[in-house]
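Trainee: With the sequence up front, the predicted model follows.
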Amino acid sequence: MSPAMPPAAVAVAFGAVIREMRNKRGMSQETLAELGDFDRTYPSLVERGLRTPTLGAVFRFADAIGISSLDPRGKDSRTALRVVVCELQTPPSGGVRRRLC
């Protein structure tokens, strides 16, 4: 088992996943904020790792991005969150790497 990542590194990695998924869907931060019922600045803060979302906010991000009903393997919405942040690891170089399962 790898050592736990510091909370700041997790926030940065989570934000990068949200940004990537939002961009793949051609969605603006403003649209994401509206669909997730967030303040208009919140997606930007999360994507830059300046805020760590609550579990409820993670589910709202998933719903807004459109991955909450089924993940690519046909699993339920709780399992779909693994698509967003399945595994966060710190590589030997000290940077942040994410891998989607």
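Mentor: Good, I have the coordinates. Residues are numbered from 1 along each chain as shown.
Trainee: what's around residue 27, how many residues?
Mentor: Per other CB atoms under 10 Å, the neighbour tally for residue 27 reads 17. All C-beta atoms are positioned from the backbone trio N, CA, C, and that covers glycine.
Trainee: on contacts alone, who are the packing partners of the helix ranked longest in the chain?
Mentor: Looking across the chain with DSSP state H, the single longest helix is helix 7-24. For helix 7-24, the packing partners by 3 or more CB pairs under 8 Å, 6 or more residues apart in numbering; DSSP states H and E come out as helix 29-36, helix 42-47, helix 55-65, helix 77-84, strand 87-89, strand 97-99.
Trainee: excluding its backbone neighbours, what's nearest residue 12?
Mentor: residue 49 (3.4 Å; CB to CB, 6 or more residues apart in numbering).
Trainee: quick one, what contacts that neighbour?
Mentor: 8, 11-16 (CB atoms under 8 Å, 6 or more residues apart in numbering).
Trainee: Which of these are buried? Put it as a PyMOL command.
Mentor: Buried subset of the contacts of residue 49, written as a PyMOL selection, criterion 16 or more other CB atoms under 10 Å:
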select buried, resi 11+12+13+14+15+16
